[in-house]
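**Student:** Sharing a model that was predicted from the sequence below.
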Amino acid sequence: GNSVTQMEGPVTLSEEAFLTINCTYTATGYPSLFWYVQYPGEGLQLLLKATKADDKGSNKGFEATYRKETTSFHLEKGSVQVSDSAVYFCALSGGATNKLIFGTGTLLAVQP
Amino acid sequence: DAGVIQSPRHEVTEMGQEVTLRCKPISGHDYLFWYRQTMMRGLELLIYFNNNVPIDDSGMPEDRFSAKMPNASFSTLKIQPSEPRDSAVYFCASSLARSEAFFGQGTRLTVV
């Protein structure tokens, strides 16, 4: 079945550092891919998405490119801020069932 | 639209009691998902519906859990009887096919 694997956390960075959170997936067909963010005490919010191969999703300085050849959707940001501290989830949806499946989440802590 | 609305936001109950969580999806969305989030197990998909019909309930932990969607604007997740290990944050989300899911704020359930 479909699955998502993302890097273990926590990831601790200094402000203005470069961020990469790795995400790979296993899926039949052509799923849509998503990154969600969860701030403390809140629900999940969509950060960005890509619906087909080579699409790049971007939002708030974050980017991720749908790479079908490597089945990856890595999240990147050039310069993180303290306010980016949160848990980030990679997810996929699609195939015959449209089941929305999440990775385990990666905690990002940005220090001033 | 007000987004996905869940109630209650917090629930504290005694072991053995029945608990009912409620969800109002975004109008027009035809998929509804119930998730459970814990520190130990992360974000787990319990069940999801398409056009009010349950599609996959393989994530429901045991027979004590049941979910219904009597119409397009309302769903419930019931636990009977509740146990301390059911303590978690329960999220409801809704979406269109192959589109991003919108999450509610969650219900924090504590079973004592």
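**Tutor:** That came through fine.
**Student:** Run a quick neighbour tally on the residue of chain A found nearest chain B.
**Tutor:** Scanning chain A for the residue nearest chain B gives residue A:43, at 4.0 Å (criterion: Cβ to the nearest Cβ). Quick note: C-beta positions are derived from backbone N, CA and C, even for glycine. Number of residues near residue A:43 (other Cβ atoms under 10 Å in any protein chain shown) recorded here: 21.
**Student:** For chain A, what's its nearest residue on chain B.
**Tutor:** Counting by Cβ to the nearest Cβ, chain B gets nearest chain A through residue B:103, at 4.0 Å.
**Student:** residues touching that residue, list them.
**Tutor:** A:36, A:43-45, B:4, B:91-93 (Cβ atoms under 8 Å, 6 or more residues apart in numbering or on different chains).
**Student:** Format these as TSV; extra columns: distance to residue B:64.
**Tutor:** Below are the contacts of residue B:103 laid out as TSV (distance: Cβ to Cβ, whole Å):
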residue	distance to residue B:64
A:36	28
A:43	24
A:44	25
A:45	31
B:4	24
B:91	19
B:92	19
B:93	22
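**Student:** top of those by neighbour count?
**Tutor:** In the contacts of residue B:103, the most neighbours by other Cβ under 10 Å go to residue B:92, 29 neighbours.
**Student:** Can you say which helix or strand has that residue in it?
**Tutor:** Using DSSP states H and E, residue B:92 sits in strand B:88-95.
**Student:** again, but for residue A:40
**Tutor:** Residue A:40 belongs to no helix or strand, assigned by DSSP H and E.
**Student:** separation between it and residue B:88?
**Tutor:** Using Cβ to Cβ, to the nearest Å, residue A:40 is found at 16 Å from residue B:88.
**Student:** cool, residue B:110 as well?
**Tutor:** 9 Å.
**Student:** Compare the two (neighbour count), which wins?
**Tutor:** residue B:88 (20 against 13).
**Student:** No more questions from me, cheers.
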